[in-house]
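Asker: Pasting the sequence and the predicted coordinates here, then a few questions.
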Amino acid sequence: MEARNVRYCMTDEGYFDTAATALPWPEALRRFEEVSLRQFGNPSSSHEAGLQARETLETARKAFLARVGFADGTLVLTSGATEANNLVLKGALQKGRPLLAADVHPSVWFAREGSDVVETGPDGRIAPEKLASSISKKTSLVSIVHANNETGVVQDVKALGEVCARKGVPLHVDGVQALGRLPVTLSELPFAFYTFSAHKFGGPRGVGGVIVRSATLAPQILGGGQEKGARGGTENVAGLAAALTALDLATRSLEGEGPRLRKLAGLLTDEIRTAIPDALVNSSANGLPGLVSFSFPKLLGEEIVVELNLRGFAVSAGSACGSGKMEPSRPVMAMGRTREQALGTVRISMGRHTTEDAVRRLAAALRQVVEKQKALA
Amino acid sequence: MDIQNVGFLAKTLTLASPTPADLMNAYQRLSARGSVAITCAPAEVGPTLLAAENAGFFGMRVQGTTIAAYKGKEGPCYDTGRTARYLGSAAAVLDDDNHLLSGSLRVCEKTARLYSSNAYQGILEVSDPDPALLARLEKDPAPFDCDTFEADARSLAESIEDREPGLEPPRIVFYPGPFKALILSDGTMVRRGKRLLVSPEQASELVKRDGAVLDSDLPQTAQIPENFGTLYKTEGAACLLGDLALHSRTEGKTDFDALDGIPAAMKRRLRAVLSRNEDYFILTGSDPAQKDGCCPSNDVGVANGLVQAGILESHGAGTNSDCPVTLYAFASEIRAGIGKPKFVRSEAFRAAVLHRLESGPRWSRKAALRLSLAVLLAAALVILGWALFRQIGG
C-alpha cells in the first residue's frame, strides 16, 4: 500500500472532521497488517508464537512511552479513549467526588451526578485559582481536557497540575485531541492519568489507553489478568504497533503541520468573520492547530452540517438530543454562550490533507449555507 | 385491424385500440413509407403513443382520439447537403429517431425525406439537396455522420437559461406531436401526448407556434414537466432516451388546498425557497403526531402535512443526531439514490405553488359542493318549518 496511491472514501479535501477521526496513515495500517499476520500469537501464551507477540507488544509499549516523553510511565491499553476515561473516572467515583471541568467529553461527564464541576472562563480555559478554590476535601480526582474536542481550547496543564499536586489530588488529563497534534512531553506535565485514542492521530480504531504516572487504577474489566490486572482482555498487539507508527509520523509532521494548520485556520476565521459578521468564534489562534469553532446565532449546527455535506464538505455540530430536546454544546455553553448561540455551533477541523484551496471553498460554501439558513428560518 | 391498401405490404392501415403487439405486427406489414391511423379511447392515448414509439413509428401526431404514425426511419444515412430548420417556439425538439434539432441541423437524405413528409408539414423547413451529392446517391453515396446526439445535447444543456417562477398561474397544455418532445428555453420538457403545467407565456407560444392545445381542467390533474437542464446534470444525454415519462408525477395527487391553512412562518419559508431558487429546506425534530418522537417540532408536523398533500417530498438527512434532521423539497423533485440526493426542479409546479401562496384560498370543487349542499339543506329546513308553522297555525 503506497501512501501516495491511497484514495479515501470521500473527497479528501472536503474532509474537515479530523477531530472526529483523522485520516489514517497508510504506513500504520500496513504495520497493523504485518503484525497481525506475523505476530498473531496470544501474548499471554507461553509458546514461541505467544512469546514473539509479547515481545512485540512490550517493545511497542516502551517505544510509545518514549515517543510521548514519558519512558518511566506505565501504559495500560484499552479499546479507546471512552474506555480509558471510564476506567479512570469509575475508580475516582469509588474513592470520593471527582471534580470535572465543565467542558469534559461525555465519556467523563457520565460521572457528573457524583461529581463537582469547575467552570471554564469565557476563553474556555480554567483559571488555576478557580481550580484551587473548587477542590475540596472530598475531591478524589480532577479531570480536565488537554485540548477541547469542540472548541480546540488548550488548557495550561502544567499550571493546573501544580495546583492539584499542591492540594494532593490526582489529575486526569483527557489528551485525546492533543496527542499527536500538539507537541507534548508528558514527563513535564504533572498528571496522574493521561488518556488517548490512536485514531485521532491517524492510527487504527479500537486502540487507546491510560498513561499512568504513579496512581493505581480500579479495574473495570475483570478476568485474564492482562495489563497487570488493570484491564482484562487479550492485548491488541497489532493495534499498539500501528498506533506507535501513526504517533511517530504525526509527531514528526508537527513542526511543519502545526504552523500550516494554524495559518489555514486563521484564513478560514478571517473569511467567515468578514462574510458573516454575526458569527461567533469559539476557538482561538493559539488553540488546537486547524480546529475552528463557529456559533451562528439562531441557526442549528446540525442543519448546517447537513447542508455542507450536500455540498461535499464534512464538518461537525456540537449539539445533541437530550431529554427529548436539542441540547447545545456543553463546552461552548461553558464559555458563556447563550443556548440560542450554542445551538448554531459548527466545528471545522483540518488535517494534513487540508489545502488552502479547500479552505477557501469551504468558506464560500459556509457563507452560502448560512445565508440560506437565515433566509429560510 | 382494417387493411386499406391490400397487397404484399400495406401502404396505410387503420387500427382501432391496438395492443402493443398489434402495432408491432402492423409495423412489419407496412410498406417502407407506410402509415397508420389509430383510433383509441382518450385514456388510451398515452399508452398507445408509447407502444407506437416502441414499435418504431415516427412523427406521431394526436388529433382528438386519432393518432397518425409513420414508418420509414430505417436505412443508411447518406449526405446530400440538406439542412432542416425547426420553425416552432421551443429551444430544441427531439424526434422519434433521436435527432435533436436546435434551430438548424444538417441531416442525411433519409431524414430530410422524412422531414419533408406530411408529418412535419409547417413545422420544419427542409433545404433542397446539393445536386452533385444527390447525383452520387445511387452509385457512390457520400456517408453522413448521424452520431451528433451527445454533442447536440451538451450544447443544448449549455444554452438552458434559468427562469424565475412567475406569479401568474400555470396553464395546462397538450402537445399532440409530431415531435417526441419539445425542450423549451428554460429546459422545460414538453412531452408529446401529456397534459402538462407550463407558464402562461410558454403555453401561449406553444399554442401559437407548435400546435399545442390549451386545457382548462383543474391543475392538480395535470402533470409537471421535467427539466432537461437539471436532468442533464445527473444523467447526461441519456435523459432524452427512453419513454421520457418515467419520472413524471402521477396524476391527481396534489392537493393545493393544503397550502391555504399552513402557518405564516411556513408560507414565508416556502416563498423563500421559491424566490431564492433553492432546491430544498431542512427541518430538525420529529412530527408531534409521532409518539415518543425526539425533539417534537410543529414545523415538521406542518411540512409532513404538505408531504401528505403531495406538495412536498421528504428525505432523511442521515445525521448521527438522535433528533431527526429532514430535508424537504417540492414533490417529485428529489432523486434519492446511493449517496447524496439530487434535485430536479419542476418550474411549472413551483409556479403553481407560488401562485397559490400569493392568491390565497379559493373555492375548490369540494368546498363549493359542500356549500351548495348546506344552502339546499338550509332552504329545505326553512320550507319545512314554514309548512309546519302553517299547518299548526291553520
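Answerer: Okay, I see it. Numbering: from 1, shown residues only, chains lettered A, B, ... in the order given.
Asker: how deep is the residue nearest to residue A:189 when sequence neighbours are not counted tucked in, by neighbour count?
Answerer: Spatial nearest neighbour of residue A:189, excluding adjacent residues (CB to CB, 6 or more residues apart in numbering or on different chains): residue A:157 at 5.0 Å. Every residue, glycine included, has its C-beta placed from N, CA and C. Residue A:157: 23 surrounding residues under other CB atoms under 10 Å in any protein chain shown.
Asker: And chain A, split by domain according to the record?
Answerer: Listed domain ranges for chain A are A:26-249, A:255-376 (source: automatic domain parsing).
Asker: closest to residue B:54 out of those domains?
Answerer: domain A:255-376 (37.4 Å; CB to CB).
Asker: Ranking helices and strands of chain A by mean pLDDT, which lands last?
Answerer: Across the helices and strands of chain A, mean confidence by mean pLDDT, DSSP states H and E is lowest for strand A:320-322: a mean of 63.
Asker: Mind listing the strands the helix or strand following that one pairs with, and their directions?
Answerer: Next helix or strand after strand A:320-322 toward the C-terminus (DSSP states H and E): strand A:325-327. When pairs are called by DSSP bridges, strand A:325-327 turns out to pair with strand A:320-322 (antiparallel).
Asker: and residue A:142, what does it touch?
Answerer: A:98-99, A:101, A:118, A:131, A:135, A:160, A:164, A:169-172 (CB atoms under 8 Å, 6 or more residues apart in numbering or on different chains).
Asker: For my notes, confirm it occurs in a strand.
Answerer: Yes. Assessed by DSSP: H, G, I helix; E, B strand; the rest coil, residue A:142 belongs to a strand.
Asker: Serialize the contacts of residue A:142 to a markdown table and add fields for pLDDT and neighbour count.
Answerer: Converted to a markdown table, the contacts of residue A:142 look like this (pLDDT from 0 to 100; neighbours: other CB atoms under 10 Å in any protein chain shown):
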| residue | pLDDT | neighbour count |
| --- | --- | --- |
| A:98 | 98 | 28 |
| A:99 | 98 | 26 |
| A:101 | 97 | 27 |
| A:118 | 97 | 23 |
| A:131 | 98 | 23 |
| A:135 | 97 | 18 |
| A:160 | 98 | 27 |
| A:164 | 97 | 24 |
| A:169 | 97 | 21 |
| A:170 | 97 | 25 |
| A:171 | 98 | 26 |
| A:172 | 98 | 30 |
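Asker: Now render the residues you listed as TSV, adding secondary structure and distance to residue A:86.
Answerer: Shown next, in TSV, are the contacts of residue A:142 (DSSP: H, G, I helix; E, B strand; the rest coil; distance: CB to CB, whole Å):
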residue	secondary structure	distance to residue A:86
A:98	strand	12
A:99	strand	17
A:101	strand	17
A:118	strand	20
A:131	helix	23
A:135	coil	22
A:160	helix	22
A:164	helix	20
A:169	coil	20
A:170	coil	16
A:171	strand	17
A:172	strand	11
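Asker: quick one: contacts for residue A:62?
Answerer: Contacts of residue A:62 (CB under 8 Å, 6+ apart): residue A:71.
Asker: which sections of the chain are below the confidence cut-off?
Answerer: I went with chain A, as the question did not name one. Residue ranges of chain A with pLDDT under 70: A:1-11, A:319-324.
Asker: The intended chain is chain B.
Answerer: By pLDDT under 70, the low-scoring segments of chain B are B:1-10, B:164-167, B:217-221, B:242-253, B:318-322, B:336-339, B:361-368, B:394.
Asker: Who are the contact partners of the spatially closest residue to residue B:66 that is not a sequence neighbour?
Answerer: Of all residues not flanking residue B:66 in the chain, residue B:39 sits nearest, at 5.3 Å (CB to CB, 6+ apart). Shown in contact with residue B:39 (CB under 8 Å, 6+ apart): B:14-17, B:65-67.
Asker: Quickly note the distance from residue A:193 to residue A:156.
Answerer: Per CB to CB, to the nearest Å, residue A:193 is found 18 Å from residue A:156.
Asker: quick one: which of the two has more around it?
Answerer: residue A:193 (26 against 13).
Asker: That one is in contact with residue A:215, isn't it?
Answerer: Yes. If you go by CB atoms under 8 Å, residue A:193 and residue A:215 touch, sitting 6.7 Å apart.
Asker: what do those two both touch?
Answerer: Shared contacts of residue A:193 and residue A:215, defined by CB under 8 Å, 6+ apart, comprise residue A:170.
Asker: Against chain B, how distant is residue A:94?
Answerer: Remark: distance between residue A:94 and chain B (CB to the nearest CB, to the nearest Å) = 31 Å.
Asker: returning to that earlier point: tell me the one among the contacts of residue A:142 nearest to residue B:128.
Answerer: The closest of those, once distances to residue B:128 are taken by CB to CB, is residue A:101, at 88.2 Å.
Asker: That closest one bridge partners, please.
Answerer: Applying DSSP bridges, one finds that residue A:101 bridges with residue A:118.
Asker: Kindly provide the distance from it to chain B.
Answerer: With CB to the nearest CB as the criterion, residue A:101 and chain B are 24 Å apart.
Asker: ok so, going back, which residues does the residue nearest to residue A:189 contact?
Answerer: A:144, A:146, A:171, A:173, A:189-191.
Asker: now do 10 Å
Answerer: Contact analysis of residue A:157 by CB atoms under 10 Å, 6 or more residues apart in numbering or on different chains lists A:144-147, A:171, A:173, A:175, A:178, A:184, A:186, A:188-191, A:194.
Asker: next one: residue A:353
Answerer: A:8, A:11-16, A:18, A:22-23.
Asker: Top of these by number of neighbours, please.
Answerer: residue A:16 leads those on contacts (other CB under 10 Å) with 28 neighbours.
Asker: Select only the buried ones of the contacts of residue A:157 in PyMOL?
Answerer: Those of the contacts of residue A:157 that count as buried under 16 or more other CB atoms under 10 Å in any protein chain shown are selected in PyMOL with:
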select buried, chain A and resi 144+145+146+147+171+173+175+178+184+186+189+190+191+194
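Asker: nearest to chain B, of the contacts of residue A:157?
Answerer: Comparing the contacts of residue A:157 against chain B with CB to the nearest CB places residue A:145 closest, at 21.0 Å.
Asker: and residue B:329, that one's in a strand?
Answerer: Yes. The assignment for residue B:329 (three-state DSSP) places it in a strand.
Asker: That one against residue B:317, yeah?
Answerer: No. Counting by CB atoms under 10 Å, residue B:329 does not reach residue B:317; the two are 11.9 Å apart.
Asker: okay, and the common contacts of those two?
Answerer: Here residue B:329 and residue B:317 have B:280, B:341 as joint contacts, going by CB under 10 Å, 6+ apart.
Asker: In three-state terms, how would residue A:223 be classified?
Answerer: coil.
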